[in-house]
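>>> Any chance you can model this:
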Amino acid sequence: MAGEPGPRQNDNLRLADALRAGDVIALTEVYDTYAPFLYDYCHGLLRDRVEAAGALRNVVVAAREHIDRLTEPDRLRGWLYAIARKECMRRRDSPNRHTGQEAPEADDGLTEEQLARREERRLLAHSAIAALNGRQREAVDLSVRHELDEVDLSGIFGMPLEETFALAEKAREDLAAALHAALIAQNHWKDCPSVSALAESWPLAPQAAASLGRHVASCPVCGERETPPLPPDRLLSVMPIAAIPAELRLDVLTAATAEDRAGNRRAIAAWTEPFDEYGWPLPYEPTPTRVRERPPRRRGPLVGAIAVAVGVVVLSAGAMAALGGGDGGTNASANGPAPPGQSGAPVGSGQPEPTPTDPSPTVTSPSPTESETPSKTPSPSKTPSRTPTTRTPQPPLQTDEPERPRSGRLSVDGCRMGRRDDTCTVRVTAVGGPVNWRVTGTSGEISAGGGGRLSAGESAGVTVTRTAPICWGDRNGSVSFSPGATAGVSYC
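Predicted coordinates for the structure are as follows:
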């Protein structure tokens, strides 16, 4: 994090190679090197010490199970953050998630005078970051406090690299403008009635911070005022860091290595799938089961009219959610990690996590806006009219929306290439209902693509091409599909 030396690139290479070799001792070093950073990030996303501890446990387990997929071992640290984000978004989507127990802040041994100065700077940082939207806050948090570059952010967010560069640049520009406005509100609020009205409470809430930024940009008096420069790393170095529980180390390492936890590890590994062609986990998207568990978005005409009148509640869980306000973006799930709170709650429990109950791989999205990406409020739509019948009318609470046909699942069969063959065909079949499918990634020296819609019982073939220029010995790869299926491929 800002102000602390992060792991070097040669650490990534060495530890990734050791994990690939199955070195159990290396797993301990992986935990000691990366766990404090990852726990703070998970806690910021989940705002609960128990959930953050469980997420970190699953990250270490999944990393050991999937390390062979990573094609760039020097990107091990960023890859771990990508696994952590997917796991945290999966947990945030769970209706049974634990809430309400934030981790204590890590103790840095400051004096009373130093604590007072830090608190003053922290309020300023809160007020500046409040003007950013959720994705910007997370990008700033990862790049500044966790010292990750745009290539890592691209893999973590599941975004094209050019879009990631644009996001990071815009976040830096907006943060600089927001800091300028916050300094004016802090030191010169008496000089402008508009600033005085917007800065009635301190730190600034997100709405007030956004309004202040727009005012400063258009006000001839405020816009010309000079403010001292403050680099982002110095600004964010005062933000709270969640203290990782000391006893969590033994729990995590036991979960990752104990023989009697093998079934648990397989389930955790399945949650992390599928992966892209570089071995990075694709962004999380809710499974169809979880989508059905959520309250329906469309209701009867009267309820729909009331819902439109009420509007939208925007949740906030951004990189600096302790700012005390909502996200300036459009969806809470896109928010970045919130800084740890400062409650004096006891350190989180290191008890083993119960055996997972939903080990099926999650469905993935090819776009950078996954399930945690903004989803627009549905516009009111007319419910379909029905032909009058002589049947007894249904109770008023029943909606007029017809029941949707049941979706099926995707069944896949792997394939094998002969030594003189460059291609083979994977067979995909819809079982139990229609399926919209697509290829989401491959592992090994093979390539594949395609997608479409299959009716129940219908099959299609996907051509897999060997990309290895020379074949020596038997090799294995895989083709990942959405929704949640993986086919093995043998070649050479």
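>>> Now do the strands for the chain: every range, in order, please.
Read by DSSP state E, the chain holds these strands, from start to end of the chain: 409-413, 415-416, 423-431, 435-443, 446-447, 451-454, 459-466, 475-482, 485-491.
>>> could you dump these to JSON lines with mean pLDDT, mean neighbour count and distance to Cys88?
Bear in mind the C-beta positions are built from the backbone N, C-alpha and C, glycine included. Conversion of the strands of the chain to JSON lines gives the following (pLDDT from 0 to 100; neighbours: other CB atoms under 10 Å; distance: least, CB to CB, whole Å):
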{"stretch": "strand 409-413", "mean pLDDT": "89", "mean neighbour count": "17", "distance to Cys88": "26"}
{"stretch": "strand 415-416", "mean pLDDT": "90", "mean neighbour count": "17", "distance to Cys88": "35"}
{"stretch": "strand 423-431", "mean pLDDT": "91", "mean neighbour count": "18", "distance to Cys88": "31"}
{"stretch": "strand 435-443", "mean pLDDT": "83", "mean neighbour count": "22", "distance to Cys88": "20"}
{"stretch": "strand 446-447", "mean pLDDT": "85", "mean neighbour count": "20", "distance to Cys88": "31"}
{"stretch": "strand 451-454", "mean pLDDT": "85", "mean neighbour count": "14", "distance to Cys88": "28"}
{"stretch": "strand 459-466", "mean pLDDT": "89", "mean neighbour count": "17", "distance to Cys88": "32"}
{"stretch": "strand 475-482", "mean pLDDT": "85", "mean neighbour count": "22", "distance to Cys88": "21"}
{"stretch": "strand 485-491", "mean pLDDT": "87", "mean neighbour count": "20", "distance to Cys88": "23"}
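>>> Including distance to Leu110, could these go into a markdown table?
As requested, the strands of the chain are arranged in a markdown table below (distance: least, CB to CB, whole Å):
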| stretch | distance to Leu110 |
| --- | --- |
| strand 409-413 | 55 |
| strand 415-416 | 62 |
| strand 423-431 | 59 |
| strand 435-443 | 47 |
| strand 446-447 | 54 |
| strand 451-454 | 55 |
| strand 459-466 | 58 |
| strand 475-482 | 48 |
| strand 485-491 | 50 |
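>>> List just the one of those strands that sits closest to Pro232.
Relative to Pro232, the nearest member of these by CB to CB is strand 435-443, separated by 33.6 Å.
>>> Pairing partners for the closest one, with directions?
Using DSSP bridges, the strands paired with strand 435-443 are strand 451-454 (antiparallel), strand 475-482 (antiparallel).
>>> how about the helices in the stretch 201-350 of the chain?
Read by DSSP state H, counting those that start in this stretch, the stretch 201-350 of the chain holds these helices, from start to end of the chain: 206-218, 220-223, 232-236, 248-257, 262-272, 288-293, 301-310.
>>> And the pLDDT for Thr392?
Thr392 carries a pLDDT value of 40.
>>> I meant Thr164, not that one.
Confidence per residue is given as pLDDT, and for Thr164 that number is 93.
>>> correct me, but it touches Glu150?
Yes: Thr164 lies in contact with Glu150 (CB atoms under 8 Å); the separation is 5.0 Å.
>>> For the helices of the stretch 201-350 of the chain, give me a markdown table that also has mean pLDDT.
What follows is the helices of the stretch 201-350 of the chain, written out as a markdown table (pLDDT from 0 to 100):
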| stretch | mean pLDDT |
| --- | --- |
| helix 206-218 | 90 |
| helix 220-223 | 83 |
| helix 232-236 | 82 |
| helix 248-257 | 92 |
| helix 262-272 | 91 |
| helix 288-293 | 46 |
| helix 301-310 | 35 |
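>>> okay if I get those helices as a markdown table plus mean neighbour count and distance to Ala177?
Output for those, formatted as a markdown table (neighbours: other CB atoms under 10 Å; distance: least, CB to CB, whole Å):
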| stretch | mean neighbour count | distance to Ala177 |
| --- | --- | --- |
| helix 206-218 | 20 | 6 |
| helix 220-223 | 13 | 11 |
| helix 232-236 | 19 | 12 |
| helix 248-257 | 18 | 39 |
| helix 262-272 | 18 | 38 |
| helix 288-293 | 12 | 38 |
| helix 301-310 | 12 | 33 |
